[in-house]
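*Asks:* fold the following, please.
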Amino acid sequence: MEFLELFHLEINGPMVTVALILVLLALLKWYSISAFSSLEKLGIRHPKPLPFIGNMTFFRQGFWESHMKLIKTYGPLCGYYLGRQMYIVVYDPHMIKEVLVKNFSNFTNRMMSGMETKPVADSILFLRNKRWEEVRSVLTPAFSPKRLDEVIPLISQACDLLLTHLKPYAESGEAFDIQRCYGCYTLDVIASVAFGFQVDSQKTPDDPFVKHCRRFFKVSIPRFVVILILSFPSIMIPLARVLPNKNRDEVNAFLSKVIGTVIALRDKQAEEQRRRDFLQILLDARSSPSSVSTELLDNVRQDAQDGELPTHQITSNVQQKALTTDEIVGQAFIFLIAGYETITNTLSFVTYLLATNSECQEKLLREVDQFSERNAELKFSTLEEELPYLEMVIAETLRMYPPAFRFSQEARQRQPPFTYLPFGAGPRSCIGAKMAILEIKLTLLGILRKFKFETCSETQIPLQLKSRSALGPQNGVYIKIVPR
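*Replies:* Numbers count the residues shown, from 1 in each chain. Purely as a prediction, here's the structure:
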């Protein structure tokens with residue numbers, strides 16, 4: 001007080017208010033830029049971030065176009081900020097290998113926004129530390145060649161339905177959007193393999209399962225809410241968690257109930273009556289705890305054989321603990337989330353490239369015919385070993401239109417797909433790529449045995465793209481199919 005009297009200042013209400021406002025503004029300014037020094041400290045080039053929102057305005061054209069512009073401007077190792085969250089972009093194949101294979105132990109847990117709810121929060125995508133290892137030890141055997149052979153008949157059944165729906169288009173010669181057909185087909189496969197029952201989503205679009213799955217993917221957050229969440233996560237995320245979300249809650253409750261009903265039914269059935277799908281494989285693991293050796297990355301074993309990694313980094317013995325019902329439901333949800341859009345879009349891109357590159361399609365057709373003559377029964381091993389050109393077609397498609405990061409021998413030799421990584425995240429559930437590639441191969445094999453693709457006046461050349469959660473065709477893929 002005496003100090004203030006020296007300057008003839010008196011404390012009153014307005015003065016306190018002004019002082020508090022100035023302090024608040026100073027704190028607000030500090031908060032608006034305090035998160036934007038990390039990339040600079042690491043020596044990683046990036047666009048200049050704006051207060052609060054970071055580089056969100058940089059992505060107004062979509063993630064695909066903006067990432068390519070980012071890489072072209074700032075190099076193969078660059079970064080950006082979405083709100084206060086830092087992201088690092090890696091575009092160089094050797095650097096990607098260093099990060100995701102040789103130094104995978106530095107990228108232990110995936111980034112979590114704090115808004116994850118059950119059952120997704122119990123999936124392998126978001127489980128943490130020791131529990132992730134335990135669940136992964138259960139899932140890894142589920143994607144062995146022997147287990148994948150068991151689900152091939154289920155995928156083939158869904159593929160037969162797809163061929164039935166494609167036949168009228170082949171007979172009429174009309175152009176149509178094949179992406180829509182692939183979307184229905186992928187949903188049928190997910191229902192059959194992950195949720196344990198058959199559905200024909202193209203014939204019965206009003207089926208409750210189909211309707212709830214489509215509702216699941218139509219959930220969207222208004223842009224201004226996204227900006228608020230990214231800019232003020234410590235306030236907005238807890239608020240978003242407690243606010244009611246009727247659509248999300250109804251979808252989660254329905255799908256959880258569906259799986260719960262199937263699980264209850266399976267438990268009452270004799271072993272020989274149970275359907276051999278992914279869900280049953282997880283249920284079988286509940287009653288057979290054991291110590292298993294789990295591969296932390298699918299690529300590590302091959303790299304070790306090449307002499308690039310010491311053997312002790314490949315595997316770790318993990319005591320297998322039974323999955324809870326919530327965790328089983330969570331893995332089924334991941335099939336839906338990770339499989340639907342990416343597989344639908346990849347099949348659409350492959351079809352587009354084959355239709356617009358007739359020489360490549362003819363070469364693939366010859367391989368398909370030769371394979372069909374040699375193999376009456378479909379097995380995972382034969383699909384892996386005897387369709388090298390189909391493997392190349394899929395790898396090249398993923399290189400040109402990467403819906404998600406995938407390591408392959410073909411892709412390593414060519415211009416790489418980029419991957420954008422949250423700081424501290426890694427590709428820990430890449431075992432699902434085996435199932436995805438298997439489904440894509442079976443689908444193309446089934447279609448190309450009977451039909452071939454052709455362009456038409458409605459075919460977009462070049463194809464216009466959209467990029468939200470995954471890269472996909474903006475207006476579908478319009479083609480004609482011709483009987484062989």
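
*Asks:* where along the stretch 301-450 of the chain do the strands fall?
*Replies:* For the stretch 301-450 of the chain, strands defined by DSSP state E, counting those that start in this stretch occupy the ranges 315-319, 419-422.

*Asks:* nope, the stretch 1-150 of the chain is what I meant
*Replies:* According to DSSP E, counting those that start in this stretch, the strands that the stretch 1-150 of the chain contains are 77-82, 85-90.

*Asks:* could you tell me the angle between the last one and strand 77-82?
*Replies:* Pointing back at strand 85-90 there. Taking axes from the mean of the first three to the mean of the last three Cα atoms, to 10 degrees, strand 85-90 and strand 77-82 form an angle of 160 degrees between their directions.

*Asks:* which helices and strands sit right next to strand 85-90?
*Replies:* In terms of contact count using 3 or more Cβ pairs under 8 Å, 6 or more residues apart in numbering; DSSP states H and E, strand 85-90 is assigned the packing partners helix 38-42, helix 63-74, strand 77-82, strand 419-422. Using the backbone N, CA and C atoms, a C-beta is placed for each residue, glycine as well.

*Asks:* just say which of those is most tucked in.
*Replies:* Taking mean count of other Cβ atoms under 10 Å as the contact definition, the stretch among those with the greatest mean neighbour count is strand 77-82, which reaches a mean of 21.

*Asks:* for the helices and strands packed on strand 85-90, which one sits closest to Lys211?
*Replies:* Each of the helices and strands packed on strand 85-90 was scored for nearness to Lys211 using Cβ to Cβ, and the closest is helix 63-74 (28.4 Å).

*Asks:* let me see the mean pLDDT of the closest one.
*Replies:* Helix 63-74 carries an average pLDDT of 87.

*Asks:* so how far is stretch 101-109 off the chain centroid?
*Replies:* In this view, stretch 101-109 has its centroid 19 Å away from the chain centroid, taken as Cα atoms, centre = their mean, to the nearest Å.

*Asks:* before we move on, back to that, in a markdown table, list the helices and strands packed on strand 85-90 along with distance to Met392.
*Replies:* Output for the helices and strands packed on strand 85-90, formatted as a markdown table (distance: least, Cβ to Cβ, whole Å):
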| stretch | distance to Met392 |
| --- | --- |
| helix 38-42 | 37 |
| helix 63-74 | 23 |
| strand 77-82 | 28 |
| strand 419-422 | 21 |
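
*Asks:* those: which one's closest to Cys456?
*Replies:* Judged by Cβ to Cβ, the one of the helices and strands packed on strand 85-90 that comes nearest to Cys456 is helix 63-74, at 25.4 Å.

*Asks:* now that closest one - C-alpha only, PDB.
*Replies:* Included here for helix 63-74 are C-alpha records, laid out as PDB according to Å, rounded to 0.1, in the frame of the first residue of the first chain:
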ATOM      1  CA  PHE A  63      -5.600 -33.600 -45.900                       C
ATOM      2  CA  TRP A  64      -4.400 -35.300 -49.100                       C
ATOM      3  CA  GLU A  65      -3.700 -32.100 -51.200                       C
ATOM      4  CA  SER A  66      -2.400 -30.200 -48.100                       C
ATOM      5  CA  HIS A  67       0.000 -33.000 -47.100                       C
ATOM      6  CA  MET A  68       1.500 -33.200 -50.600                       C
ATOM      7  CA  LYS A  69       1.900 -29.400 -50.600                       C
ATOM      8  CA  LEU A  70       3.500 -29.600 -47.100                       C
ATOM      9  CA  ILE A  71       6.000 -32.200 -48.300                       C
ATOM     10  CA  LYS A  72       6.800 -30.300 -51.400                       C
ATOM     11  CA  THR A  73       7.400 -27.100 -49.500                       C
ATOM     12  CA  TYR A  74       9.100 -28.300 -46.300                       C
END
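
*Asks:* could you check the angle that helix makes with strand 85-90?
*Replies:* Regarding helix 63-74 and strand 85-90, their directions subtend 70 degrees when assessed with the same axes, to 10 degrees.

*Asks:* which elements pack onto helix 63-74?
*Replies:* Packed against helix 63-74 by the contact rule (3+ Cβ pairs under 8 Å, 6+ apart) you find strand 77-82, strand 85-90, strand 465-467.

*Asks:* give me the contacts around stretch 230-247.
*Replies:* Contacts with stretch 230-247, where a contact means Cβ atoms under 8 Å, 6 or more residues apart in numbering, come from 52-54, 56, 82-85, 113-115, 117, 215, 219, 225, 228-229.

*Asks:* change it to 7 Å
*Replies:* Defining contact as Cβ atoms under 7 Å, 6 or more residues apart in numbering, one finds that stretch 230-247 is touched by 52-53, 56, 82-85, 113-115, 215, 219, 228-229.
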